[in-house]
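> Sharing a model prediction with you, sequence too.
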Amino acid sequence: MRMYDIIMKKRNGGELTTEEINFFIDGYTKGEIPDYQVSALMMAIYFRKMTEAETSALTMAMAHSGDMLDLSEIAGCKVDKHSTGGVGDKTSLALTPMVAACGIPVAKMSGRGLGHTGGTIDKLESFQGFHTSLSREQFIQNVNAIGIAIMGQTADLAPADKKLYALRDVTATVDNMSLIASSIMSKKLAAGADAIVLDVKTGSGAFMKAKEDAFALAREMVQIGKNAGRKTIAVVSDMDQPLGNAVGNALEVKEAIDTLKGNGPADFVELCLTLGAQMLLAGGKAEDENTARAMLQETITNGSALEKFASFVTAQGGDSEAVYDTSLLPKASIIEPIPSACEGYIQSIACDEIGICSLILGGGRETKESAIDLSVGLVLCKKVGDYVKVGEPLAHIHANDRRKLEAAKDRFYAAYTISEKKPEEIPFIKGIVE
Ligand code: URA
């Protein structure tokens, strides 16, 4: 078999066989096929697309390019959750203790933030001493004892995807549905859960800006999961404005804790209940959605989710005092309101721009190696549909550097559109794909 023939077949619109896909993934992972040939193939796939069978074969080849985690030592149905990424997306922080308190074991691999989107591990490092460098044995032991453990993505998990994603990033071949679906699902399948609940975002802060594209991606990933014998469900949710009010690492941790104490913003609570209900149904812990939502709500009312979260933070070396007293979380030295310059209804918020404001303040990573400031970010006071008067704060900005604060403020103003007309209400949950 020759890589040249595989490139030409796809360039001419042919369907690759599983053997051909295995050949190029295996050769690329081992360093036997050069970047320039794989770049050419990625571009051919970008234009010619892939069939369902090709996408499934690519996913399985990438999943098997490294370790396939075996979680059989953890009792019960392991349900993983994955978000396609967004601004202010602190869902895993609140959702995992809620579902763990309902008896679903959470054995999760999480990532760090890059660019304008945040990562769960960075956020958790707001707790002094918190770490994710657990041995496999410790990871499993923590899940069995507490119900939750979170590890960083190891180099041995889907290494083919790691290489391919880096290549796609610099060859303008990221935004192809089959390539995104296989990239995400290869990591999820390798991570070993029995069932997978996906949160596919749509809107200005998401990969898939158009709703139809988000549904197509959701359907593609659900099909891949099913073909691999894993129960897979996707929720399509709004990312046309930041999720909740807080954007920035420690600020998001505080909002997640407030949510576990019963004081969460409505959109964020709704997302946790919707995703959590699907996780309980997939894990066989509830008969129907209403029962599942009531069970999740009860973990907030009776404090069991908050306790679960504190035990998890302690088990991974973190200072859980901050769970009960959030004033102990990292704090910025400057906190200032951003007053509105005009009166009217908030028409729209350019979501990715708010993520970039947090990045400018130092809360995000420009490159994988950049250090981040956990304390900075924004807390929105006004969201789409709210009315604002001149001088009323649109948000509070948390900064440690006045020059960065001014730069972020200019960008923040440009992200808000305010007008006299009340905007139409748009549903936050767009639908569920099973
Ligand atoms: N996230 C991934 O892991 N892969 C993609 O291709 C896009 C988003």
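Alright, I've got the coordinates. Numbers count the residues shown, from 1 in each chain.
> Now do the contacts for the closest residue to the ligand within the chain.
Residue nearest to the ligand within the chain (Cβ to the nearest ligand atom): Ser183, separated by 3.4 Å. (Each C-beta comes from the backbone N, C-alpha and C, glycine too.) If a contact means Cβ atoms under 8 Å, 6 or more residues apart in numbering, then Ser183 has 62, 161, 164-165 as its contacts.
> again, only using 6 Å
Each residue near Ser183 by Cβ atoms under 6 Å, 6 or more residues apart in numbering is listed here: 161, 165.
> and stretch 149-157, which residues are buried?
149-153, 157 (16 or more other Cβ atoms under 10 Å).
> what do you get for stretch 426-434?
Residues 428, 430, 432-433 are the ones in stretch 426-434 that count as buried (16+ other Cβ under 10 Å).
> got the contact list for Leu164?
Residues near Leu164 by Cβ under 6 Å, 6+ apart: none.
> that older thread, from the buried residues of stretch 149-157, which ones fall inside strands?
When DSSP state E is applied, the buried residues of stretch 149-157 are split such that 149-152 fall in strands.
> And the average pLDDT for the helix or strand containing the residue of the chain closest to the ligand is what?
Under the criterion of DSSP states H and E, Ser183 resides in helix 177-190. For helix 177-190, mean pLDDT rounds to 94.
> Quick one: name whatever helix or strand follows it.
Counting by DSSP H and E, the next helix or strand C-terminal to helix 177-190 is strand 195-202.
> Which one of the buried residues of stretch 149-157 is nearest to Ala250?
Proximity of the buried residues of stretch 149-157 to Ala250 (Cβ to Cβ) peaks at Ile150, which lies at 17.1 Å.
> Can you read off the backbone torsions of the closest residue to that closest one other than its chain neighbours?
Nearest non-adjacent residue to Ile150, counting by Cβ to Cβ, 6 or more residues apart in numbering: Lys108, 4.8 Å away. The phi and psi values for Lys108, taken as degrees, to the nearest 10, are phi -120, psi 140.
> Let me know how buried Lys108 is, in neighbour terms.
Neighbours of Lys108 under the rule other Cβ atoms under 10 Å: 21.
> hmm, who's touching stretch 302-319?
So stretch 302-319 is contacted by 97-98, 100-101, 127-131, 142, 146, 148, 260, 299, 320, 323 (Cβ under 6 Å, 6+ apart).
> Quick check: ChimeraX command selecting the buried ones in those residues.
Filtering the contacts of stretch 302-319 down to the buried ones (16+ other Cβ under 10 Å) takes a single ChimeraX command:
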select :97,98,100,101,127,130,142,146,148,260,299,320,323
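> Which of the contacts of stretch 302-319 fall within helices?
Using DSSP state H, the subset of the contacts of stretch 302-319 located in helices is 97-98, 100-101, 142, 146, 260, 299, 323.
> I'd like these laid out as TSV, including distance to the ligand and pLDDT.
Output for the ones in helices among the contacts of stretch 302-319, formatted as TSV (distance: Cβ to the nearest ligand atom, whole Å; pLDDT from 0 to 100):
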residue	distance to the ligand	pLDDT
Pro97	24	98
Met98	24	98
Ala100	24	97
Ala101	28	98
Asn142	25	94
Ile146	27	94
Leu260	27	98
Thr299	29	98
Val323	30	98
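> Out of the residues you listed, which is nearest to Tyr46?
Met98 (39.1 Å).
> quick one: contacts for that closest one?
So Met98 contacts 276, 296, 299, 305 (Cβ under 6 Å, 6+ apart).
> Which stretches in the stretch 251-400 of the chain count as helices?
According to DSSP state H, counting those that start in this stretch, the stretch 251-400 of the chain carries its helices in the segments 266-282, 289-301, 304-315, 321-324, 351-361.
> now the longest one: how far from the chain's centre is it?
Which is helix 266-282. Centre-to-centre, helix 266-282 and its host chain are 14 Å apart (Cα atoms, centre = their mean, to the nearest Å).
> which of the buried residues of stretch 149-157 sit farthest apart?
Using Cβ to Cβ, the two most remote members of the buried residues of stretch 149-157 are Ala149 and Leu157, lying 15.2 Å apart.
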